[in-house]
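Novice: quick one, what's the 3D model for this:
(one chain, ligands or ions: 2)
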Amino acid sequence: IERQLTHRAAARSVSGLAAVLAHEIKNPLSGIRGAAQLLEQGITDADRSLTQLICSETDRIRNLVDRMEVFGDERPLVKEPVNIHDVLDHVRRLCESGFGRGIRFIEDYDPSLPPVSGNRDKLVQAILNLVKNAVEAIGENKAQGRVVIQTSFRPGVRLSVQGSDMRISLPLMIQIEDNGSGVPDHLKEHLFDPFVTTKPYGTGLGLALVAKIINDHGGIIELDSEPKRTVFRVLLPMQDRASTQNSRSSPR
Ligand code: ADP
Ligand code: MG
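Specialist: Numbering: from 1, shown residues only. Ligands and ions are numbered 1, 2, ... in the order given. All right, here's what the predicted structure looks like:
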């Protein structure tokens, strides 16, 4: 169903990007201004809800700006040895106490996984986006919902690059699988582009951000989806191989 795709008009161009940003920022700003005006007029009994509104709308802009910052950030990653399971534990805590409440999480970790050379905060952000999408794809029917997170060590991966098979070494794998809606075929090709969303209030920035972060880590991300089963696979190099120069990744 082609209509499901809300590819926000021409957002891939710079002017389109500016238009989307303007829109996303103007809405909360007018809310904040309205609330400030009411406060100024001294409508005291509503003070609390007005200050709450100011806070939540400010947060919205803040979130947006945070995401834009990640895209705009051209500096090389600040890297340190990162334990992937710490990252996953952190994401899981965020998830279970918030947006993922009521969904069953299944962990299947390979404890022998060596650390990656990376940026912990960015990796948390990437995995969080993937898990959030999985939860959102499950939707209302949370009791049936299942998110399986697996880690494993795979010494070699076969990749098909421009028709020729090659072997590269991206041995660390994080796999996030859900039994939600699935990704329609026509969407798969553009899923990692910015502003591609099927959600009424989606930004379409999540996967673009994930792709950038994984790319900056010298890794790749793969998507495998059919109705009721979606798998995102993140493959990362081992600690000494990670390189910011690496532009191998071209997410599908
Ligand atoms: P957003 O979540 O704001 O829509 P994303 O870039 O995170 O933006 O995701 C883009 C789109 O990809 C989503 O709107 C959804 O249609 C699709 N998608 C992402 N992850 C999944 C998933 N696990 N299952 C089904 N569809 C997904
Ligand atoms: Mg998302």
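Novice: pLDDT value on the nearest residue to Arg233 once chain neighbours are set aside, please?
Specialist: Among residues not flanking Arg233 along the chain, Glu222 sits closest, at 4.3 Å (C-beta to C-beta, 6 or more residues apart in numbering). C-beta coordinates here come from the backbone N, C-alpha and C atoms, glycine included. Note on Glu222: pLDDT of 93.
Novice: over to the one 3 residues further on?
Specialist: Note for Ser225: predicted pLDDT of 95.
Novice: can you map out the helices along the stretch 151-252 of the chain?
Specialist: For the stretch 151-252 of the chain, helices defined by DSSP state H, counting those that start in this stretch occupy the ranges 185-188, 206-216.
Novice: most tightly surrounded among those helices?
Specialist: Mean neighbour count (mean count of other C-beta atoms under 10 Å) peaks for helix 206-216 among those, with a mean of 22.
Novice: contacts (any at all) between ligand 1 and that one?
Specialist: Yes: Helix 206-216 lies within reach of ligand 1 by C-beta under 6 Å from any ligand atom, at Gly206, Leu207, Ala208.
Novice: quick one: which of these is nearest to Met68?
Specialist: Lowest distance from Met68 to the residues of helix 206-216 next to ligand 1 (C-beta to C-beta) belongs to Ala208, with 11.1 Å.
Novice: distance of the residue lying closest to that closest one once chain neighbours are set aside relative to Glu40?
Specialist: Leaving aside its chain neighbours, Ala208 sits nearest to Pro194 (4.1 Å; criterion: C-beta to C-beta, 6+ apart). Applying C-beta to C-beta, to the nearest Å, the value for Pro194 to Glu40 is 38 Å.
Novice: now the residue of the stretch 151-252 of the chain found nearest ligand 1: how far from Leu39?
Specialist: Closest to ligand 1 within the stretch 151-252 of the chain is Gly206: 2.3 Å, counting by C-beta to the nearest ligand atom. Computed with C-beta to C-beta, the distance linking Gly206 and Leu39 is 34 Å.
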